[in-house]
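Engineer: Sequence and predicted structure, then a few things I'm wondering about:
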Amino acid sequence: MPDKKITCLTIDDEPPALQVMEKYIRAVPVLELVGSCANAVDALSILQKEKIDLLFLDIQMPQILGTDFMRTLANPPKVIFTTAFRKYAVEGFDLDAVDYLLKPISFERFLKAVNKVMKLNLPVTENIPLTALTKKENENEFIYLRADRKNIKINLNDILFIESLKDYIKVVTKDKTIVTKNSISSLEENLPSSFIRVHRSYIVSLNKVESFTPELIQIGKYELPISRSYRHEVEKVINQKL
């Protein structure tokens, strides 16, 4: 086990993307998350105070492109660019980026990028096994969702189910409903194993399931459909919980 960790800073203006990267970093023992920033100004403040070995940097940001931000740094740390746009790949590698991750980013692809860092002149030289990620089930875990021009904190233990509404998702908790612009697949990546997809339009909290049939799941007053393509996995997972 290495005695020094690789210190990391994540920069992304989208809260769900930040949450995914934070989860991935915390799942790898040799990485240490120093901070997460929604903009380059906040990131610069941390870079001036802390020793950062590795940046996970979004490219398409409102105030300044991630690539332009890198050019402003006199002694930049190693960087792994994250973006939803392929067109920035060449420019990213021209800035000596270690890797370029295209969103949505899988944990396996994340590990491949981090393993490239390990081969550089940094504290760690060993590869990370894909089993490094373990989903946690902690009732105190939470996420932030953007709605009504603010980020709203939602405790995962309060969520009953999540419904996809085209370009939006509806998160139903025991005392409120929040509608936010996001994809259900993107949010699914940031949820622990106590949540399961039962339909292309629904994710449910296993802890809130009161009864089920091959076609329906009952959560309080709600009856939610189980699609044929998810039926086998749903039955398998729920029966393991019983």
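Structural biologist: Perfect, thanks for sending it.
Engineer: Neighbours of residue 148, how many?
Structural biologist: Residue 148 has 9 neighbours, counted by other CB atoms under 10 Å. C-beta coordinates here come from the backbone N, C-alpha and C atoms, glycine included.
Engineer: sorry, that was for residue 59
Structural biologist: Residues near residue 59, counting by other CB under 10 Å, number 24.
Engineer: Pull the contacting residues for the nearest residue to residue 211 once chain neighbours are set aside.
Structural biologist: Leaving aside its sequence neighbours, residue 211 sits nearest to residue 218 (CB to CB, 6 or more residues apart in numbering; 4.4 Å). Taking CB atoms under 8 Å, 6 or more residues apart in numbering as the criterion, residue 218 is in contact with 209, 210, 211, 212, 224.
Engineer: Redo those residues as JSON lines? Include pLDDT and secondary structure.
Structural biologist: What follows is the contacts of residue 218, written out as JSON lines (pLDDT from 0 to 100; DSSP: H, G, I helix; E, B strand; the rest coil):
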{"residue": "209", "pLDDT": "92", "secondary structure": "coil"}
{"residue": "210", "pLDDT": "91", "secondary structure": "coil"}
{"residue": "211", "pLDDT": "90", "secondary structure": "strand"}
{"residue": "212", "pLDDT": "89", "secondary structure": "strand"}
{"residue": "224", "pLDDT": "96", "secondary structure": "strand"}
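Engineer: export these to JSON lines and tack on neighbour count and distance to residue 39?
Structural biologist: Output for those, formatted as JSON lines (neighbours: other CB atoms under 10 Å; distance: CB to CB, whole Å):
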{"residue": "209", "neighbour count": "20", "distance to residue 39": "40"}
{"residue": "210", "neighbour count": "9", "distance to residue 39": "43"}
{"residue": "211", "neighbour count": "9", "distance to residue 39": "46"}
{"residue": "212", "neighbour count": "19", "distance to residue 39": "44"}
{"residue": "224", "neighbour count": "20", "distance to residue 39": "38"}
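Engineer: Pop the domain breakdown of this protein in here.
Structural biologist: Structural domains assigned to the chain are 6-132, 155-241, following automatic domain parsing.
Engineer: what distance separates the longest one from the centre of its chain?
Structural biologist: To tie it back to what came earlier, the one meant is domain 6-132. Centre-to-centre, domain 6-132 and its host chain are 13 Å apart (CA atoms, centre = their mean, to the nearest Å).
Engineer: now do stretch 229-242
Structural biologist: Averaging C-alpha positions (CA atoms, centre = their mean) puts stretch 229-242 24 Å from its chain's average.
Engineer: What residues sit buried inside that stretch?
Structural biologist: Judged by neighbour count (16 or more other CB atoms under 10 Å), stretch 229-242 contains these buried residues: 230, 234, 238.
Engineer: Three-state assignment for the residue nearest to residue 211, please.
Structural biologist: The three-state label given to residue 218 by DSSP: H, G, I helix; E, B strand; the rest coil is strand.
Engineer: Tell me, what's the model's pLDDT at residue 32?
Structural biologist: Per-residue confidence (pLDDT) for residue 32: 94.
Engineer: so what's it up against?
Structural biologist: 5, 6, 7, 8, 25.
Engineer: again, 10 Å this time
Structural biologist: If a contact means CB atoms under 10 Å, 6 or more residues apart in numbering, then residue 32 has 4, 5, 6, 7, 8, 25, 26, 52, 53, 54 as its contacts.
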